[in-house]
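1. Sharing a model prediction with you, sequence too.
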Amino acid sequence: MSHFLSKLARILGPRQAELELKWLRQCASNELQLSQMVKRRTRGEPLQYILGTQPFGPLDILVRPPVLIPRPETEQWTYALADKIIHRYKPLKDPHPTTLTVLDLCTGTGCIPLLLCTLLTPHGIQTEAIGVDISSAACLLAQENIISVKSHFPSPLSIRILQRNLFEPNFWSSIRDTLSPRSLDIITANPPYISEDSWRKLSPEVKDWEDPVALLGDPAVENSVDIRRGQGLTFYQRIRDLLLDCTMISPCCILALEIGEDQASAVTSLFRGQFHDIQIWKDGWGKDRAVFCTMERN
Amino acid sequence: MTQLESDNACILNVIKKKIKQRTLALKELDNQHVSSSEQFDKLRLTKELEPLQIAWDGYTSTKQTLLETVNLLSDPDPIMRSLAASEQSTLLSKLTSDLTNFTQLLIPKSKTYLHSALMELKAGVGGDEASLFVSDLLRLYGRFGEARGWQVLVIAKEDNEGGRGVKNAVLEIKGQGSYDALQWESGVHRVQRVPETEKGGRVHTSTAAVVVLPMVEEPLNNSPASEQLYNPKDVKIEVMRARGAGGQVGNVGLTGLEPSVMKLFEAQSAVRLTHIPTGITVSMQDERSQHRNRDKAFQILSARLLHKKLEEEMLERRSVRRALIRKADRSEKVRTYNWAQGRVTDHRINLTVNNLSDVMEGDGLGHFIHALANHHSTQVLESLLAGMSTVA
């Protein structure tokens, strides 16, 4: 057995070690580089950071510390959302191609709007997307991903990335210029949702490498008073308040939010009232993973 | 020549009957105007048999010339005799090639000649040694494919724990005709040798199972071929293994348990498909992308379903024409590789090649494949003959 394999097997088990070594080997240009990669992996660095990419649907998303690595669950619900959108907008048979405006909050690598655009275009649905993130590292990486996806999938891809803070009081006016004169048809978000309790138990592979700002659901926010601390729900509450306050929303705007495994009932109760057709979507592992709903403008 | 004709009596009989059929049909067509569907059938029959007629005409004229040359062999003029002798040998070799040509014309064109091959190799009885044998076979087929200009790709491979050999593997051999060539490899292959792992020098017998499937290209692009093979609603798609809390909490491999426990969850991109009507399941976890694992799994599922369909079609045809064709059962022992005696024996056609290293390292496998294909052709011919004599 190669000594790389035995090193990896010690922390990963034989089967996973064999697979990961294969992927590392495909990526490394020589044995020296491979040995450095194996060393990084045995120190607990996420495989995706070492390889520099993570598959997301047909896309290869560029990843780099500390920006959150796209998860397979997110990929799954983005497919489900694309189906929902196709189901809703395709039968219109509009003589003009439909163009939908998408806003992705906490966009990170930009994987959600990138995949959504890629999946919708073949169905004659064009998208104009805006991705928003508080982190400059994430915004920069998302820009790189747009360029990278455009070079692999030559399609009319229109995505803008803005560095904005969701908790700024003038959030909407700060993106109005980019959005106008359109109004939002789809809003997506994979906001940070890990509670303080879960944070303490988090694996070092996640905790030591990925940005806590992209993970912790209850950031210290100056202006908030009535936030339920400790359950990782702050962002959902903020998103609800933002949407109720927004004037740039199309009729029947679709909202899709990723959630933590036991947050479904808390999140759905936050959105009950102004939002309809609330659906809890289960991921491939049977966990509540996303909430889909429709917002009616009065 | 008489020898040649008696050797190929079976083929010649079939051809004569077919030619008779055609002549009869032509005569009937001459007498009437083409109108009814029955007439069209006859017209099509004559058209289909036209190449055979041309070949047959060529054969009979060569035979005629040959008979004439025989008389000249006893000519008083020595120059004439030697001319006749050289003429005779040319004509004989032409007759032989005409006869092989007949075989090709008679055998219905393979339905699968366009398909690439998907080979599944599994270690059978014999522990580590069986796994070592699988890695030998993997190399053998890889080299065989590459030598023929086909594209060889190991789609999935599970190494034997402890790093000795390969427990199972899926090999894609892409290229026109690769399925037709390799289909004969399906079955149980047996190895008899002193394993590398054996210190006592005893000869062990181990086995590996090979399944060769016809590959369906681009299964997810809704190609008509794959559409007929399965209804997407009948396929259950599952992602495999536990993944802790998942989402932001979990990343590949090491998942959110106690920080001190670097506990492994298997690659969560693993996918399992179950085709509910047939119960066929396919798992795939070799790619990082769940998307690509899914595509590959669907490709293998399509190949298995196509294989099943072809087998069913063959069974149907068999019962119709009392065919003599016997296709190897998956569990049937098809070949033995004996290291001690340096031989490889194919049990289906009783063919032994006494050059093991040529099979393992050279192009020896080609002999078997060629012989098996010929054997198959002969059986198809025999069944054609049997079918015709019952009709006649």
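-> Here it is on my side, so go on.

2. rest of the way, CA atoms for contacts and neighbours
-> OK.

3. who's in contact with the residue nearest to B:Gly165 when sequence neighbours are not counted?
-> Leaving aside its sequence neighbours, B:Gly165 sits nearest to B:Leu132 (Cα to Cα, 6 or more residues apart in numbering or on different chains; 4.1 Å). B:Leu132 makes contact with B:Arg164, B:Gly165, B:Val166 under the criterion Cα atoms under 8 Å, 6 or more residues apart in numbering or on different chains.

4. Name the nearest residue to residue 82, ignoring sequence neighbours.
-> I went with chain A, as the question did not name one. A:Leu116 (6.1 Å).

5. nope, chain B please
-> Nearest one to B:Ser82, counting by Cα to Cα, 6+ apart, is B:Leu73 at 7.7 Å.

6. I'd say that neighbour and B:Ala84 touch.
-> Yes: between B:Leu73 and B:Ala84 there is a contact under Cα atoms under 8 Å: 5.8 Å.

7. for the stretch 251-392 of chain B, what are the low-confidence residue spans?
-> B:251-268, B:316-331, B:385-392 (pLDDT under 70).

8. Make sure A:Pro156 is indeed in a strand.
-> No: going by DSSP: H, G, I helix; E, B strand; the rest coil, the assignment for A:Pro156 is coil, not a strand.

9. so how many other residues sit close to whichever residue of chain A sits closest to chain B?
-> Minimum separation of chain A from chain B (Cα to the nearest Cα) falls at A:Ser203, amounting to 4.5 Å. Neighbour count of A:Ser203, defined by other Cα atoms under 10 Å in any protein chain shown: 24.

10. Okay, it and B:Arg22: tell me how far apart.
-> The spacing between A:Ser203 and B:Arg22, counted by Cα to Cα, to the nearest Å, is 79 Å.

11. where do the helices sit along chain B?
-> With DSSP state H as the criterion, chain B has helices at B:2-7, B:9-31, B:37-48, B:50-72, B:78-106, B:128-147, B:178-182, B:224-229, B:290-321, B:356-361, B:365-391.

12. Remind me what the fifth one packs against, helices and strands.
-> Pointing back at helix B:78-106 there. Helices and strands touching helix B:78-106, by 3 or more Cα pairs under 8 Å, 6 or more residues apart in numbering or on different chains; DSSP states H and E, are helix B:9-31, helix B:50-72, helix B:365-391.

13. Any idea how far the last one is from the middle of the chain?
-> With Cα atoms, centre = their mean, to the nearest Å as the basis, the distance from the averaged C-alpha position of helix B:365-391 to the chain average is 14 Å.

14. Pull out the buried residues from that helix.
-> By 16 or more other Cα atoms under 10 Å in any protein chain shown, the buried positions in helix B:365-391 come out as B:365, B:368-369, B:372-373, B:376-386.

15. got the angle for that helix vs helix B:78-106?
-> Angle of helix B:365-391 versus helix B:78-106, following axes from the mean of the first three to the mean of the last three Cα atoms, to 10 degrees, is 80 degrees.

16. quick revisit: which member of the buried residues of helix B:365-391 is positioned nearest chain A?
-> B:Leu365 (29.7 Å).

17. my read: that closest one touches B:Gly145, true?
-> No: counting by Cα under 8 Å, B:Leu365 does not reach B:Gly145; the two are 10.7 Å apart.
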